[in-house]
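K.L.:
from the sequence below, what's the structure:
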Amino acid sequence: MWGAAGAVAAMMTAGEAVAAHGPPARPHRGGRAEGGEMRGVWIATVANLDWPSAPGLSAAAQKAELIAHLDRAVALRLNAVVLQVRPSADALWPSSYEPWAQCLTGVQGKDPGWDPLGTAVAEAHARGLELHAWFNPYRVANHTDPSRLVASHPARLHPDWVLPYGGKLYYNPGLPEVRKFVQDAMLDAVSRYPVDAVHWDDYFYPYPVAGQVFDDDDAYETYGQDFASRAAWRRDNTDRLVRETAERIKEVRSGVRFGISPFAVWRNASTDPLGSDTAAGVQTYDDLHADTRKWVKEGWIDYICPQIYWHIGFAAADYAKLVSWWAAAVRGTGVGLYVGEALYKAGDPAQPAAWQDPAELSRHLDLAAGHPEVGGHVYFSAKQVKADPIGAMARVVADHYQVRARAPR
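P.N.:
Next up is the predicted model:
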């Protein structure tokens, strides 16, 4: 079923359907017309989460599924897709640095017979959609066995670059040669295709796993001795990755933006008076060694899209409080703010009662509209946009996306 997209498309006249592929209209919300309004959807490829629906489909079937996601975005009057093109140190284009992604054929390194990223860029642009290329910098595999990687994989050619942790393999962010390599691998796509943005999610240093140690002792001994602590050194490594990537993107292709979508809590106020009024168990500054607030204040990135994946009134991390905190964080910086929305929670019986209400997500947009710094929303993820089990996405479209809007620039 098409879920929300079907419901909305059924209400569109033939003229509206044709117009949807023409020049985008201005947003209907006052105050957002000049800068546009982000209406995005994440399309995750890792473990075939959203697309392709299964590994090993024919090239024609893969392309048809991709086109369906793009057409659905148009029908819902979205204007951007955030496509995961480097899910696990592999690629959805003929990369000069890394093997073909396993999610395509089921075999890492096997040519799928077409160019998914090149096709996605062309087909998205033909529909008036932006294509944000989503990369994961350091994840190598969702297992710890290097022998399961294709023999030519850089992680096998450079085993000293790789660390196992929490049941996964990661490139070591503390090695300068790793930092350069992952930048080269990502920027290869930027040099080849007119993507609208480079997009990262929330994975930098890995999320903490109880009882396990991320064993970067050797790198710390070699490179970290001028820092007050290992944590400070790790944060500097992440800062360098962000700053260097931002500079290189502009050198490779002018006009391409750089956006990051972090876990939404920088630090709790109980830890740092500059932090948010939250009691989250994870803080990006301390646990992921990602100083997300600094990247905004320094202007290293063009937009930030915090994953505010909680409902309004949630005690430990209230959506309303976090939107307000992020609005204050970006104020006066020129950095765009888009809110990552947990569409996947809507209708999930394991979630709190608020998420059983089809109007919860629409209320998020009502609340965010009271903060002029918020330039739009991005929904996780494409599978839920399609299924929309309780009509939460359809409600957002009916309440807020009555006409098309151009994406912010």
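
K.L.:
spit out the contact partners of Asp145.
P.N.:
Asp145 makes no contacts at all, as judged by Cβ atoms under 8 Å, 6 or more residues apart in numbering. C-beta coordinates here come from the backbone N, C-alpha and C atoms, glycine included.

K.L.:
swap that for Leu361, sorry
P.N.:
341, 343, 346, 392-393, 395-396.

K.L.:
where does it land in three-state SS?
P.N.:
helix (DSSP: H, G, I helix; E, B strand; the rest coil).

K.L.:
most neighbours among the contacts of Leu361, please name it.
P.N.:
Among those, the one with the most neighbours (other Cβ atoms under 10 Å) is Met393, at 31 neighbours.

K.L.:
surely it is in contact with Val385?
P.N.:
Yes - between Met393 and Val385 there is a contact under Cβ atoms under 8 Å: 5.6 Å.

K.L.:
from Val150, how far off is the residue nearest to Gln102 when sequence neighbours are not counted?
P.N.:
Once flanking residues are discounted, Gln102 sits nearest to Gln108: 4.1 Å by Cβ to Cβ, 6 or more residues apart in numbering. Applying Cβ to Cβ, to the nearest Å, the value for Gln108 to Val150 is 5 Å.

K.L.:
identify the contacts common to those two.
P.N.:
With Cβ under 8 Å, 6+ apart as the test, Gln108 and Val150 both reach Pro99.

K.L.:
strands of this protein, residue ranges please.
P.N.:
38-43, 80-86, 130-135, 139-141, 162-165, 168-171, 197-200, 257-260, 303-304, 336-341, 374-379 (DSSP state E).

K.L.:
distance check, the closest residue to Tyr303 other than its chain neighbours against Val403.
P.N.:
Nearest non-adjacent residue to Tyr303, counting by Cβ to Cβ, 6+ apart: Gly336, 3.5 Å away. Between Gly336 and Val403 the computed distance is 21 Å (Cβ to Cβ).

K.L.:
those two: which has the busier surroundings?
P.N.:
Comparing Gly336 with Val403 by other Cβ under 10 Å, the one with more neighbours is Gly336, at 23 against 13.

K.L.:
who's in contact with that one?
P.N.:
Here Gly336 is in contact with 38, 259, 302-304, 330, 375, 408 (Cβ under 8 Å, 6+ apart).

K.L.:
of those residues, closest to Pro137?
P.N.:
Nearest to Pro137 among the contacts of Gly336, counting by Cβ to Cβ, is Gly259 at 13.7 Å.

K.L.:
that closest one and Val195 touch, don't they?
P.N.:
No - with contacts counted by Cβ under 8 Å, Gly259 stays clear of Val195, the gap being 11.4 Å.

K.L.:
touching both of these two, which residues are there?
P.N.:
His132.

K.L.:
how about the longest helix along the chain: buried residues?
P.N.:
Taking DSSP state H as the criterion, the chain has its longest helix at helix 230-252. Buried positions in helix 230-252, judged by neighbour count with 16 or more other Cβ atoms under 10 Å: 230, 233-239, 241-242, 245-246, 248-249, 252.

K.L.:
do the same with stretch 191-211
P.N.:
192-193, 195-206.

K.L.:
and the angle for the longest helix of the chain with strand 130-135?
P.N.:
140 degrees (axes from the mean of the first three to the mean of the last three Cα atoms, to 10 degrees).

K.L.:
elements contacting helix 230-252?
P.N.:
helix 176-192, helix 217-223, strand 257-260, helix 292-298 (3 or more Cβ pairs under 8 Å, 6 or more residues apart in numbering; DSSP states H and E).

K.L.:
and it, average pLDDT?
P.N.:
For helix 230-252, mean pLDDT rounds to 98.

K.L.:
what about it, distance to the chain center?
P.N.:
18 Å (Cα atoms, centre = their mean, to the nearest Å).

K.L.:
stretch 56-74: which residues count as buried?
P.N.:
In stretch 56-74, counting by 16+ other Cβ under 10 Å, buried: 57, 59, 62-63, 65-66, 69-74.

K.L.:
residues making contact with that stretch?
P.N.:
2, 5, 20-21, 41, 43, 50-53, 79-81, 104-106, 112-114, 116, 119-120, 123-124, 127-129, 382, 385-386.

K.L.:
just the C-alphas of that stretch, formatted as PDB.
P.N.:
C-alpha atoms of stretch 56-74 as PDB (Å, rounded to 0.1, in the frame of the first residue of the first chain):
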ATOM      1  CA  GLY A  56      19.800  -9.000  -5.100                       C
ATOM      2  CA  LEU A  57      16.800  -7.500  -6.900                       C
ATOM      3  CA  SER A  58      17.300  -6.800 -10.600                       C
ATOM      4  CA  ALA A  59      18.600  -3.400 -11.700                       C
ATOM      5  CA  ALA A  60      15.200  -2.600 -13.100                       C
ATOM      6  CA  ALA A  61      13.400  -3.500  -9.900                       C
ATOM      7  CA  GLN A  62      15.800  -1.500  -7.800                       C
ATOM      8  CA  LYS A  63      15.400   1.500 -10.000                       C
ATOM      9  CA  ALA A  64      11.600   1.200 -10.000                       C
ATOM     10  CA  GLU A  65      11.600   1.100  -6.200                       C
ATOM     11  CA  LEU A  66      13.800   4.200  -6.100                       C
ATOM     12  CA  ILE A  67      11.600   6.100  -8.500                       C
ATOM     13  CA  ALA A  68       8.500   5.100  -6.400                       C
ATOM     14  CA  HIS A  69      10.100   6.700  -3.300                       C
ATOM     15  CA  LEU A  70      10.800   9.900  -5.300                       C
ATOM     16  CA  ASP A  71       7.300  10.000  -6.800                       C
ATOM     17  CA  ARG A  72       5.900   9.500  -3.300                       C
ATOM     18  CA  ALA A  73       7.900  12.500  -2.100                       C
ATOM     19  CA  VAL A  74       6.500  14.600  -4.800                       C
END
